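Visitor: following is a predicted model, sequence given first.
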Amino acid sequence: MSKRHQIQGASRKVARALVLGVSVGALGACDSLLEVELPHILTDDAITQVTSAQVQVTSIQALFECGISSFSWTAMGHEDIFESVAGVAGGVHVFRHDPGTGTCDTGGTSSIWFDQLMGARQLTSTDPAKLGNYGGSSAVPGVYDQLVSNGWIAQLPGVGQRLAAIASVYMAQSLGHFGQFFCEGALDVGNMITAEQFLALAEDWVTNRALVHITNNGADFALPNAAATSARMAALATRAQIRLARNDLAGANADAVTVLGAAATFNFWATRESGAQRRNKVFDSGTFGSPFSGMLGINTFWNGPTRAPNPATGRTWPTTIPFTGYIFLGIQPDGRTLENNNTPVRWAQEARTPPPANLPVSLGNGSVQDPRVPHIFKSIQGPAPREVPNKYTAVENDIPIAHWRELTLIRARFENEVNNNRAAAIALINGMRPGAAGCTPVSATCVPDISGAFLTALTNGVDDASIVGTTDQQEMKMVILEEARREFFGGESGRWHQWKIQNTDLMWFPRFQGFTLSGIYRLQGGVRFNWPQDEYERNPNFPPGGIINRGIGCTNANANQVADVSERPVN
């Protein structure tokens, strides 16, 4: 028998065998474990049998989650948390401009994730009509195609609608990922798709498929293998992320309000377990044992004035890059997290002296430690001990795909940017900060509320010298961005990377210039990722010119520099 997936192009690589777990026979009892052999190794005959529907849908989850785990580790470079210093895993934290392709998480240094997300998409549907007629091949149906078009839903009473809904949620997540992080792409050697087209297609899969199947099921249900997350809320949280990326703050806020109204501490997890391809990659390669990378403090090494300007603004970067640095972050008693140059408040020096045992030296500025950004000092595979993140503490720790903190910050953005209501935005932020209001007495789990003079400065209608911005709205925007930077710390499906992409006029990307702080690795400069190279070389539906077309879906692409120096997608 021939193997699954004969479609040509970049996505054909998902045909490689990948086994996550023990056996297909264990599926009936699997809950926290995605104990399943992926249908990549099933024959064409097997995947056309209705009895394979559940294992195929579980495989979609397994593929997506392995990809997200590896992507979370890689994205920590784009989020300015990490730099590679070990002499191995050198392509990980360098602001990559292209995705890792191949088999997911085959070793500690592996940063492969693209084929898993594309594989999840391809296992779900290859029907051109369901892919916006951008591509596809009805000759190799996905499980959703068979559930809907081949009558499997009716053959699986009480199960079919749920399977269709689950597949649709992960389809939307995969398509949304491509729209949020790539300049352009394609589906099964189809026509070139812009980021906006990916996002529109992803939103359609939530609105007109996932939510419809949940309704047709007769009731909401717990998303299997996702720590009992509500399927409806997972779909709405996914749509909130997509709408935010489409600059639809009103729509994103509406979804966030619905989710938070139903579950104030909502989380949609990529579940993780022990063992290769099920492990939490951020912990396993970034914290445990002798990790490959070290954390970065506030970026003064870039020496901005000698470099090219920020293409989004035309202005040279300052010597100290704003919104960077994750070591020893602090908060002032009135809730301030930013200095007046948009660099973070710190509570201690950025180096432990002498290393490694002594506590960091206090700056004496009255700030308290921010417990949301935990890190430890330890030996790494590099020249000296470094700080490494300690947000995840075991390979079994689940990774959030979407969570209540992001949804709350979406609400804060809506109140500030659309409703022009700073008080409401501040109340939302204070409500999500851990610890009692005012943080008295100070404790390791307490984050002071925005209050006092700082609250006044954000709501007084004047430009305040202590905050960067010309209006209260702009000042509040800076506060929300720094809050998001800290809340998303630790490799959370690249959420801060995505928020940075939405604010390239403020956020630093190296734009293919210079080297990492250690001087070992060339910074590749990716803002958004390029689609894998072979699509440009082999896809007959792409514009003529081959590799020179990489990145044309984003602004500021340079034909003589194929690395992605883009800022925003061309819609």
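Guide: Perfect, I can see it now. Everything numeric in this text was worked out from a predicted model, so none of it was measured. Numbering: from 1, shown residues only.

Visitor: and stretch 363-383, how far apart are its ends?
Guide: 27 Å (CA to CA, to the nearest Å).

Visitor: pLDDT averaged over it - what is it?
Guide: The average pLDDT for stretch 363-383 rounds to 90.

Visitor: next: stretch 171-189.
Guide: Mean pLDDT, computed over stretch 171-189, is 95.

Visitor: skipping adjacent residues, who's closest to residue 452 in space?
Guide: Of all residues not flanking residue 452 in the chain, residue 334 sits nearest, at 4.4 Å (CB to CB, 6 or more residues apart in numbering). (Glycine included, C-beta is placed from N, CA and C.)

Visitor: helix or strand next in line after the helix or strand hosting residue 60, which one?
Guide: According to DSSP states H and E, residue 60 maps onto helix 53-78. Heading C-terminal from helix 53-78, the first helix or strand you meet, by DSSP H and E, is strand 82-84.

Visitor: other SSEs contacting the very next helix or strand once past that following strand?
Guide: Next helix or strand after strand 82-84 toward the C-terminus (DSSP H and E): helix 114-124. Applying 3 or more CB pairs under 8 Å, 6 or more residues apart in numbering; DSSP states H and E, one finds that helix 114-124 contacts helix 53-78, helix 143-149, helix 160-181.

Visitor: compute the inter-axis angle for helix 114-124 and helix 160-181.
Guide: With axes from the mean of the first three to the mean of the last three CA atoms, to 10 degrees defining the directions, helix 114-124 sits at 140 degrees from helix 160-181.

Visitor: you'd agree residue 508 is up against residue 322?
Guide: Yes. Between residue 508 and residue 322 there is a contact under CB atoms under 8 Å: 7.4 Å.

Visitor: of those two, who's got more company?
Guide: residue 322 (22 against 19; other CB atoms under 10 Å).

Visitor: my guess is the residue nearest to residue 452 contacts residue 451, does it?
Guide: Yes. Look at residue 334 against residue 451 with CB under 8 Å: they come within range, at 5.5 Å.

Visitor: list residues touching both of those two?
Guide: Common neighbours of residue 334 and residue 451, counting by CB atoms under 8 Å, 6 or more residues apart in numbering, are absent.

Visitor: next one: phi and psi at the closest residue in space to residue 237 that isn't next to it in sequence?
Guide: Distances taken as CB to CB, 6+ apart put residue 402 closest to residue 237, at 3.9 Å, once the chain neighbours are dropped. Backbone geometry at residue 402, expressed as degrees, to the nearest 10, gives phi -150, psi 150.

Visitor: state the distance from residue 402 to residue 245.
Guide: 12 Å (CB to CB, to the nearest Å).

Visitor: and the residue nearest the centre of the chain, what is it in contact with?
Guide: Taking CA atoms, centre = their mean, the centroid of the chain lies closest to residue 494, which sits 2.3 Å from it. Contact partners of residue 494, counting by CB under 8 Å, 6+ apart, are 71-72, 75, 78-79, 181.

Visitor: pull out the buried residues from stretch 309-327.
Guide: Going by neighbour count (16 or more other CB atoms under 10 Å), the buried part of stretch 309-327 is 310-312, 317-318, 320-327.

Visitor: and if you look at stretch 452-464?
Guide: In stretch 452-464, counting by 16+ other CB under 10 Å, buried: 454-455, 457-459, 464.

Visitor: lowest pLDDT pick from these?
Guide: Lowest pLDDT among the buried residues of stretch 452-464: residue 464, 83.

Visitor: which of the helices or strands spans the closest residue to that one other than its chain neighbours?
Guide: Leaving out its chain neighbours, the residue that sits closest to residue 464 by CB to CB, 6+ apart is residue 457, at 4.3 Å. Assigned by DSSP H and E, residue 457 falls within helix 452-459.

Visitor: tell me the mean pLDDT over the helix or strand following that helix?
Guide: Scanning forward in sequence from helix 452-459 by DSSP H and E, the next helix or strand is helix 472-487. Here helix 472-487 scores 97 as its mean pLDDT.

Visitor: same check on stretch 426-435?
Guide: 91.

Visitor: list the buried residues of that stretch.
Guide: For stretch 426-435, by 16+ other CB under 10 Å, it's 426, 428-430, 432-433, 435.

Visitor: same thing with stretch 352-366?
Guide: For stretch 352-366, by 16+ other CB under 10 Å, it's 352, 360.

Visitor: from the chain's centroid, how far away is that stretch?
Guide: How far stretch 352-366 lies from its chain's middle: 32 Å, per CA atoms, centre = their mean, to the nearest Å.

Visitor: would you mind measuring the gap between the ends of that stretch?
Guide: Stretch 352-366 end-to-end distance (CA to CA) = 19 Å.

Visitor: give me the residues contacting it.
Guide: Here stretch 352-366 makes contact (CB under 8 Å, 6+ apart) with 328, 330, 332-333, 345-349, 351, 377-378, 384-385.

Visitor: who wins for most neighbours among those?
Guide: Result: residue 328 is most packed of the contacts of stretch 352-366 (other CB under 10 Å), 26 neighbours.

Visitor: quick check: that one touching residue 344?
Guide: No. The pair formed by residue 328 and residue 344 falls short of the contact definition of CB under 8 Å, at 9.4 Å.

Visitor: returning to what we had before: show me the contacts for the residue nearest to residue 452.
Guide: Residue 334 makes contacts with 448, 450-455, as judged by CB under 8 Å, 6+ apart.

Visitor: just residue 394 next, same as before
Guide: Neighbours of residue 394 in contact, by CB under 8 Å, 6+ apart: 280, 283.

Visitor: helix, strand, or coil at it?
Guide: Three-state assignment for residue 394 (DSSP: H, G, I helix; E, B strand; the rest coil): coil.

Visitor: dihedrals phi and psi, it?
Guide: Dihedral angles (degrees, to the nearest 10) for residue 394: phi -160, psi 160.

Visitor: repeat for residue 293
Guide: According to degrees, to the nearest 10, residue 293 has phi -140, psi 160.

Visitor: was I right to think it contacts residue 389?
Guide: No. Counting by CB under 8 Å, residue 293 stays clear of residue 389, with 9.4 Å between them.

Visitor: what about residue 254, how many residues close to it?
Guide: 17.

Visitor: and what of residue 411?
Guide: 24.

Visitor: can you tell me how far it is from residue 95?
Guide: Taking CB to CB, one finds residue 411 at 30 Å from residue 95.

Visitor: then residue 507?
Guide: Distance from residue 507 to residue 95, by CB to CB: 12 Å.

Visitor: which residues of the stretch 351-500 of the chain fall in helices?
Guide: 404-417, 422-432, 452-459, 472-487, 495-501 (DSSP state H, counting those that start in this stretch).

Visitor: my bad, should have said the stretch 201-350 of the chain
Guide: Counting by DSSP H, counting those that start in this stretch, the helices of the stretch 201-350 of the chain are 211-216, 231-245, 249-262, 281-286.

Visitor: no more questions from me, cheers.
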